[in-house]
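*Asks:* Below is the sequence, then the predicted model.
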Amino acid sequence: MTSDTTTSGSIKNRGRVPDGGVGPAEEIAASGRSTGSSDPKAGRTFEKLARHASGLAIDHRSAEPVPGPKATASELRKLFDIGLPEEGRDDLEVIDRLAAAARPGLVGNTGPGFFGWVMGGSHPVGVAADWLAAAWGQNAAIYGTSPAAAVAEEVVARWLIDLLRLPSESSVGFATGATMSSFICLAAARGEVLRRAGYNLEAEGLFGAPPVSVFIGEEAHTTIFSVLRYLGFGQKNLVVVAADAAGRMRVDDLTKKLESSDGPKIIVGQAGHINSGAFDDFLEIADLARTHNAWLHVDGAFGLWARAVPELSHQCRGVEAADSWAVDGHKWLQIPYDSGFAIIKDEHAHKRAMDTAASYISDGPEDGRNPTQYGPELSRRARGFAVWAVIQSLGKKGIANLILGHCLMARHLKEILEQEPGIKILNEVALNQLAICFDDSSSTIGVDTLTDRVIADVRRENVSFVEGADWMERRIMRVSIISQATRTEDVDSLAGSIIEGWRRVQRAETL
């Protein structure tokens, strides 16, 4: 039965405009807002902006790289804080102003002279793929929101497990970096060790759960302590294990503390210490985890990539026996930020911890994987495209050669610096990390101050970028060789800057 009613709520009259009246479309047009109709100018506008922005990006990557920023915080605030406009600015002007404001505050980690932190150099093919991902505008939540994004991650997950030589049944969550990857892994660990103890975390919640003891090295990366706090673990839940001179967890102390503890247990190991690059003894630790029915998680932000290099993989023997692994993509794999992988051997535990379910989130039998089952975000960018592109560009051999090359450069730098009196390398160079200090017995100031002055001198020269840190109760210069752009000659240049800086500091002391 049809109705001819003309009341405002009728189906027939919805959207119609009385004679001489103004309808919704006209109201929107008058206000300057888009009606959502196809506008041929929009495509031309995007093309103009994309070409302009790509030109600025090309100029940036082609220019002589400057490792450190040129502007102070106050100078940058003046460049960025140009006022909230009442009317929108011209689009090209906006892009130009953004580039001009950002340029003096950019850190040159995409260049060859950056050694300050463990930060990759954003491989060109990854950048290009990332541009496409942004232009495609996909939400990689579920298969239905972007089948291409879901299947790309599904395929890349298998490649990652192959590259890192981890158990084939493992599942992979694509995260922002190693921090969120550890969050995902340790969320799965929390639920699983409680399940083994007969407690259903998903049903009962954390309050009232049996206490879980987390065994962690005293020199674990700071983000692990943060992640544990996010997951509801307090200081009383942590059993801190003593570390040796290289920052490795001492197996004897771990053994003793495991034996004196009851209840559910999680062990957090480290593949690649942030200062020394050293690896925990996973052969021994994995055996202890099995004996005590503990979940073993590995923070392998950069060090786990040693598994992809035949000449280095012996350093992390036994790591494949762990239950979960967190690893970055934007470090050694050179994926543009943000990229990390949460790899978990037990896919069911992974999904129990992360799955987001709702009636509108479709999950058909013919679908590919639903990314939201493996991470905490329902809305996120499609991270798999750039990973797919970089792995395809480098291949297994290219990835192995890149990593090995950086490690050989680190040993080369150590050999040069050790020839200079007063320069001390505090770590055995296991990977790509050097911990350096400077000591002059005739100096009237402390070793820590000397080290800071050398760091400042190298930074002032602004040919190479280095950073400082506190380790083993002393100040060190940290050198991380990890950018895909770095070559041996760049390391030689860094060595020259460090040695000359050290000599200048010594001369200043004698004046």
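*Replies:* On my side now, so go ahead. This is a predicted model, so every value here is computed, not measured.
*Asks:* If we ignore the residues flanking it in sequence, what's nearest the residue nearest to the spatial centre of the chain?
*Replies:* The residue lying closest to the centre of the chain (CA atoms, centre = their mean) is Gly177, at 2.7 Å. Spatial nearest neighbour of Gly177, excluding adjacent residues (CB to CB, 6 or more residues apart in numbering): Gly340 at 3.9 Å. Quick note: C-beta positions are derived from backbone N, CA and C, even for glycine.
*Asks:* beta partners for the one you found?
*Replies:* Beta bridges link Gly340 to Ala175, Asp328, judged by DSSP bridges.
*Asks:* What's the separation between it and Ala178?
*Replies:* 5 Å (CB to CB, to the nearest Å).
*Asks:* On the three-state scheme, the closest residue to Arg103 other than its chain neighbours is what?
*Replies:* Among residues not flanking Arg103 along the chain, His60 sits closest, at 7.6 Å (CB to CB, 6+ apart). Here His60 is helix, with the state taken from DSSP: H, G, I helix; E, B strand; the rest coil.
*Asks:* Just the pLDDT for His60.
*Replies:* pLDDT for His60: 91.
*Asks:* ok, now Gly15?
*Replies:* Here, the pLDDT recorded for Gly15 equals 38.
*Asks:* residues in contact with Leu132?
*Replies:* Going by CB atoms under 8 Å, 6 or more residues apart in numbering, Leu132 touches Phe385.
*Asks:* Phe114: what's it in contact with?
*Replies:* Shown in contact with Phe114 (CB under 8 Å, 6+ apart): 65, 67, 107-108, 121, 464-465, 483, 486.
*Asks:* Distance of it relative to Thr356?
*Replies:* Applying CB to CB, the value for Phe114 to Thr356 is 38 Å.
*Asks:* same deal with Asp490?
*Replies:* For Asp490, the distance to Thr356 - CB to CB - is 45 Å.
*Asks:* Between the two, which has more neighbouring residues?
*Replies:* Taking other CB atoms under 10 Å, Asp490 and Thr356 do not tie; Asp490 has more neighbours (20 against 14).
*Asks:* hang on, the more buried one in a strand?
*Replies:* No - assessed with three-state DSSP, Asp490 is helix; it does not lie in a strand.
*Asks:* Can you classify the residue nearest to it when sequence neighbours are not counted by secondary structure?
*Replies:* Taking CB to CB, 6+ apart as the measure, Asp490 lies nearest to Pro112, with 4.1 Å between them; neighbours along the chain are not counted. Of the three states, Pro112 takes coil under three-state DSSP.
*Asks:* Look at stretch 329-339 and report the distance between its end residues.
*Replies:* Separation of the first and last residues of stretch 329-339 by CA to CA, to the nearest Å is 5 Å.
*Asks:* Flag every buried residue along that stretch.
*Replies:* Across stretch 329-339, burial judged by 16 or more other CB atoms under 10 Å covers 329-336, 338-339.
*Asks:* for stretch 420-431, same thing?
*Replies:* Across stretch 420-431, burial judged by 16+ other CB under 10 Å covers 422-423, 425-427, 429-431.
*Asks:* Adding distance to Arg165, secondary structure and pLDDT, write these out as TSV.
*Replies:* Below are the buried residues of stretch 420-431 laid out as TSV (distance: CB to CB, whole Å; DSSP: H, G, I helix; E, B strand; the rest coil; pLDDT from 0 to 100):
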residue	distance to Arg165	secondary structure	pLDDT
Gly422	42	coil	94
Ile423	37	strand	96
Ile425	30	strand	96
Leu426	31	coil	95
Asn427	26	coil	95
Val429	23	coil	95
Ala430	19	coil	93
Leu431	17	coil	96
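*Asks:* For those, work out which two are farthest apart.
*Replies:* For these, the farthest-apart pair by CB to CB is Gly422 and Leu431; their separation is 25.1 Å.
*Asks:* burial of the residue lying closest to Pro167 once chain neighbours are set aside, as a residue count?
*Replies:* Of all residues not flanking Pro167 in the chain, Lys345 sits nearest, at 5.3 Å (CB to CB, 6+ apart). Neighbour count for Lys345, taken as other CB under 10 Å: 22.
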